[in-house]
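Undergrad: one predicted model, sequence on top.
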Amino acid sequence: MTDLRRNDLLFPELSYKIMGCAYDVYNELGPGHHEKYYQRAMALLMKERNINFTEQLYAPLKFHDTVIGKLFFDFLVEEKVVVELKKSNNYSKRHIDQVLEYLKANNLQLAIIINFGSDKVHSKRIINQAQ
């Protein structure tokens with residue numbers, strides 16, 4: 001039997017676990033809820049599934065090596081993957097730029113933006129090319 005899994009993805013098994021949680025949350029809650037409720041449900045489910053995470057993690061915004069602001073992202077999973085939740089049917093450049101800042105500020109490689117849309121869960125993987 002042929003193995004259909006890709007071998008060119010960063011953290012594929014962990015990504016599958018994260019997305020499995022997102023799909024299960026959406027299947028139970030459905031569309032139309034505030035982002036904070038999806039976040040609470042994701043935290044509960046990841047905890048139930050023994051997926052280690054930190055919630056609302058601080059990332060400093062720097063200019064010329066001076067902290068000029070504070071950024072907070074939804075989850076850091078297994079100290080490897082930034083997970084940012086949105087309630088939308090599309091991705092904006094602002095969302096992508098936002099998670100790239102989180103990756104750079106924390107010297108990480110992978111972020112997953114998960115959109116809980118009106119008809120399904122959408123996700124986008126963002127890679128820190130500067131890594």
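TA: Now that the structure is in, tell me what you want to look at. Numbering: from 1, shown residues only.

Undergrad: so H34 touches K87, yeah?
TA: Yes. Between H34 and K87 a contact is recorded at 7.0 Å, counting by C-beta atoms under 8 Å. From N, CA and C alone the C-beta is placed, and that goes for glycine too.

Undergrad: tell me which of those two has more neighbours.
TA: Neighbours were counted for H34 and for K87 using other C-beta atoms under 10 Å; K87 has more, 18 against 10.

Undergrad: got the phi/psi numbers for the residue nearest the centre of the chain?
TA: Residue closest to the mean C-alpha point of the chain, counted by C-alpha atoms, centre = their mean, is V83 at 1.5 Å. Note on V83: its backbone torsions stand at phi -120, psi 120 [degrees, to the nearest 10].

Undergrad: same deal with Y37?
TA: The phi and psi torsions at Y37 (degrees, to the nearest 10) take the values phi -70, psi -40.

Undergrad: next one: T66
TA: phi -120, psi 130.

Undergrad: quick one: pLDDT of it?
TA: pLDDT recorded at T66 is 92.

Undergrad: please apply the same query to A130.
TA: For A130, pLDDT reads 79.

Undergrad: for burial, what's the neighbour tally of it?
TA: Neighbour tally, A130, other C-beta under 10 Å: 9.

Undergrad: correct me if wrong: it contacts K104.
TA: Yes. Using C-beta under 8 Å, A130 is in contact with K104, at 6.3 Å.

Undergrad: show me where the protein has helices.
TA: In the chain, the segments counted as helices under DSSP state H are 12-29, 35-48, 93-106.

Undergrad: as a markdown table, the ones you listed with mean neighbour count and mean pLDDT would be great.
TA: A markdown table is the format used below for the helices of the chain (neighbours: other C-beta atoms under 10 Å; pLDDT from 0 to 100):
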| stretch | mean neighbour count | mean pLDDT |
| --- | --- | --- |
| helix 12-29 | 16 | 97 |
| helix 35-48 | 16 | 97 |
| helix 93-106 | 16 | 89 |
